[in-house]
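Asks: after the sequence you'll find the predicted model.
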Amino acid sequence: MIDIASPLRLRLDSAALVSNWQWLAAQSGKACGAAIKADGYGLGARKVMQHLAAAGCRDFFVASWAEAAALMPLAGGASLSVLHGVGESDMVAARTLPAKPVLNSVEQVARWRAAGEGRPCDVMVDTGMNRLGLRVEEALGGALDGLAIDTLLSHLASADEDSAQNAGQLAAFRTVRQRVPARRYSLANSAGICLGPDYGFDLTRPGLALYGGTPRPEAAGHIGQVAFPEARVLQVRDVRAGETVGYGATWTAPAEGRIVVVNMGYADGYLRCHAGQGGATWRGRELPLVGRVSMDLIAFDASEAGGLAEGDWLALDYDLPVTAARSGLSQYELLTGLGARFERHWI
């Protein structure tokens, strides 16, 4: 098989990933897990698990049984939970794989009971998000009696904001904790960790902040960038004053200069909203994005970057909080949207 290098690469900083987890673990007070759903937020779940397991993380969370199966065999000592629980079609995987379902409804609880194996499970209780989870009154009304619950979870809906809903969910979860027995209790995601130790309970489940996102101002300065997208120059072009670049002729060269065209576009998760505000750097020189973003080609103004040539690599401006504010995309979308044409390289 011919080995052909991609013109896109994603440099991934394992030291930053581990450092982020260690800071989050220190804020958590007790055990700190890791959400590695969506293929480790687009970075590669298997590698993320390996790096974090080596650093001491033991509790990992994915969305589906297909994601769980892709991680087999598990890193030594790791515990894996499947957040979306068990549908009827999931039961073979749930009985076979060394992972726990997070039961999210009375129907899922009944399905797990009917399996008749008495295996441990996790349970999600909805304390105000109205997404997944048993209602509080269902959990307190005996729906969970007799289950071998390893971790009882809930999920904060507004932890990234200064919302009264946070305290309301905390109070509801404390009530459930007092009345529903489980080995451990878990409420906080990345933003929830930043709300303080009251939200930590026995286990936290950070996601975004592991990968370089800043969920709340309290994390600023403590979370390092993990993902660094880069694109190779496909062509260098001279442009004359008054000439336009790209679809719709949305950018006009103000003077004679140069542009570089790179192999990237919205098919790679670099969306049209970056037009007019995105950029890249080369050897410390800034290259503004010019013209529209097309499917797999974009252009940067390289008039001030003498020496830049075909085959050189550009570093995209992709600091997550800054790029989110500039583009209108969430930090989550910026990470998980980076496409398969980016070769992942851990450093």
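Replies: Yep, it's here. Numbers count the residues shown, from 1 in each chain.
Asks: what ranges does the stretch 1-150 of the chain have for its helices?
Replies: For the stretch 1-150 of the chain, applying DSSP state H, counting those that start in this stretch gives helices covering 14-28, 37-41, 45-55, 65-69, 91-96, 106-114, 136-140.
Asks: closest to residue 290 out of these?
Replies: Counting by Cβ to Cβ, residue 290 lies closest to helix 37-41 out of the helices of the stretch 1-150 of the chain; the figure is 29.7 Å. The C-beta positions use only the backbone N, C-alpha and C, and glycine is treated the same way.
Asks: which helices and strands sit right next to that closest one?
Replies: Applying 3 or more Cβ pairs under 8 Å, 6 or more residues apart in numbering; DSSP states H and E, we find helix 37-41 packed against helix 45-55, helix 331-336.
Asks: avg pLDDT for it?
Replies: For helix 37-41, the mean pLDDT works out to 98.
Asks: how distant is that helix from the center of its chain?
Replies: 6 Å (Cα atoms, centre = their mean, to the nearest Å).
Asks: list the buried residues for the strand ranked longest in the chain?
Replies: In the chain, with assignment by DSSP state E, the single longest strand is strand 227-239. Neighbour-count burial for strand 227-239, counted by 16 or more other Cβ atoms under 10 Å, picks out 227-234, 236, 239.
Asks: tell me the one of those residues nearest residue 289?
Replies: Looking across those and measuring by Cβ to Cβ, the closest to residue 289 is residue 231, at 11.2 Å.
Asks: count of neighbours near the closest residue to that closest one other than its chain neighbours?
Replies: Spatial nearest neighbour of residue 231, excluding adjacent residues (Cβ to Cβ, 6 or more residues apart in numbering): residue 262 at 4.1 Å. Using other Cβ atoms under 10 Å, residue 262 is surrounded by 26 other residues.
Asks: also the one 4 residues further on?
Replies: Other residues near residue 266 come to 18 when the count uses other Cβ under 10 Å.
Asks: pLDDT score assigned to the residue nearest to residue 39 when sequence neighbours are not counted?
Replies: Nearest non-adjacent residue to residue 39, counting by Cβ to Cβ, 6+ apart: residue 45, 4.9 Å away. Residue 45 carries a pLDDT score of 98 in this model.
Asks: same question for residue 69.
Replies: Taking residue 69 on its own, its pLDDT is 97.
Asks: isn't it up against residue 94?
Replies: No. Contact criterion Cβ atoms under 8 Å: residue 69 and residue 94 do not qualify, at 11.0 Å.
Asks: domains for the chain, by residue range?
Replies: Following automatic domain parsing, the chain resolves into domains at 8-212, 227-346.
Asks: so which of these is the most packed in?
Replies: Most buried of those, by mean neighbour count (mean count of other Cβ atoms under 10 Å): domain 8-212, with a mean of 19.
Asks: that one: end-to-end distance?
Replies: 20 Å (Cα to Cα, to the nearest Å).
Asks: with distance to residue 121 added, can I get the helices and strands packed on helix 37-41 in a markdown table?
Replies: Below are the helices and strands packed on helix 37-41 laid out as a markdown table (distance: least, Cβ to Cβ, whole Å):
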| stretch | distance to residue 121 |
| --- | --- |
| helix 45-55 | 21 |
| helix 331-336 | 27 |
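Asks: which one of the ones you listed lies closest to residue 343?
Replies: Nearest to residue 343, of all the helices and strands packed on helix 37-41, is helix 45-55, at 12.7 Å by Cβ to Cβ.
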